[in-house]
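**Student:** have a look at this prediction, sequence included:
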Amino acid sequence: MRCSVVILNWNGEKWLEQFLPSVVEFTQQKDVEVVVADNGSTDRSVLLLRESFPDVRLICFDQNYGFAEGYNRAIAQVDSEYVLLLNSDVAVTKCWLDPLLEYMDKHRDVAAAQPKILSYATINEQPHKFEHAGAAGGKIDWLGYPYCRGRKLSRVEYDNLQYKTSDDLFWASGACLIVRTDLYKQLGGLDKHFFAHMEEIDLCWRMQLRGYRIACVTESEVYHVGGGSLNYSSPRKTYLNFRNNLLMLYKNLPSDRLWIVFFLRFLLDYLAAFQMLLTGQLDNFKAVLKARVNYHKLHGLYKHIRKENLACVKVKYPTSISRSTLLIDYYLRRKTT
């Protein structure tokens, strides 16, 4: 099998009903299969799949293992050259998959790639707006703050073809992410301790430490609803993003940068928390404090994980890490695009 398109589902019956038909229709390539891995859903998702999509391969889990471990368990059951992780709330287009496969075939040093990810809310508009989670490919600054070509913090751009190239990136979005299956398995896949959020950024970082590149194939386009599992303002999402970002930094940063980054992040995280408190976001304020506490609880476990990870490093400082600082660029220099 050349490629397995794997959709991880958890109580997403409405998304499957709405978007799976387009995936099936526009994924008719030879040696490509569509797989839905159900993460212990309690709605009618499994019944819908069995009755309405009998040609889609179904994998059922006994419980919700989260985004990271759910995909790990699903991908352990596929044996394709490539695996494409696809969110259930994504509408694909007629020629979405071929450019991704062709790019990966041609560029053997690219470990993972994404298409251009546009907002489903603007699918009938021109120009389309980028979607928050991925846009035209992910970047990261040296303090560990992720952003995208087409999205900085909460500001999202419209697609006016300003990102035409398949430039090297720091990360590709888990909303629609194609990876080399053997490398995914070799690296242990997504970090199961993350549960959800930031896990694809961590995976892309580990791939780059081993000498691979990450890309955005702009000839391919998909439309993402976004926030299908957790709303962008959800305290749970805030908690996972802050905690997992610290875990990712500890896991991947070289020792000579670790202390300064963590010192500055200590200050900036608490500054962000108190800004939330002052603006009435009490639950999000608590979520940031909880994230800091729980990061330290996991710190002991990650000492061994960090040691094993950095022992395999070929490229200590990936060139895709921005030398500028997102917060200074955005708030002081007013570089919002």
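**Tutor:** Nice, I can see it.

**Student:** can we go C-alpha only for contacts and neighbour counts from here?
**Tutor:** Noted.

**Student:** give me the helices and strands touching the longest strand seen in the chain, please.
**Tutor:** Scanning the chain for the longest strand, with DSSP state E as the assignment, gives strand 213-224. The contact analysis (3 or more CA pairs under 8 Å, 6 or more residues apart in numbering; DSSP states H and E) places strand 213-224 against strand 90-92, helix 97-106, strand 110-119, strand 168-169, helix 199-209.

**Student:** mean confidence for the longest one?
**Tutor:** The one in question is helix 199-209. Helix 199-209 carries an average pLDDT of 98.

**Student:** touching it from outside, list them.
**Tutor:** 68, 111-112, 170-174, 187, 189-191, 213-214, 244, 248, 252, 309, 312-318 (CA atoms under 8 Å, 6 or more residues apart in numbering).

**Student:** ChimeraX command for the buried members of the residues you listed?
**Tutor:** Selection command for ChimeraX covering only the buried members of the contacts of helix 199-209, criterion 16 or more other CA atoms under 10 Å:
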select :68,111,112,170,171,172,173,174,189,190,191,213,214,244,248,252,309,313,318
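
**Student:** partner strands of the longest strand of the chain, parallel or antiparallel?
**Tutor:** Sheet pairing of strand 213-224 (DSSP bridges) gives strand 90-92 (antiparallel), strand 110-119 (parallel), strand 168-169 (antiparallel).

**Student:** quick one, which of those strands gets closest to residue 142.
**Tutor:** Of all those, it is strand 168-169 that lies closest to residue 142, at 14.0 Å by CA to CA.

**Student:** how far away from the center of its chain is the closest one?
**Tutor:** Counting by CA atoms, centre = their mean, to the nearest Å, strand 168-169 is centred 14 Å from the centre of its parent chain.

**Student:** ok, now which ones touch residue 169?
**Tutor:** 137, 138, 139, 213, 214, 215, 216, 320.

**Student:** relative to residue 103, how far out is it?
**Tutor:** When distance is defined by CA to CA, to the nearest Å, residue 169 is 15 Å away from residue 103.

**Student:** which residue lies closest in space to residue 324, excluding its sequence neighbours?
**Tutor:** Using CA to CA, 6 or more residues apart in numbering and skipping the chain neighbours, the partner closest in space to residue 324 is residue 141 (6.3 Å).
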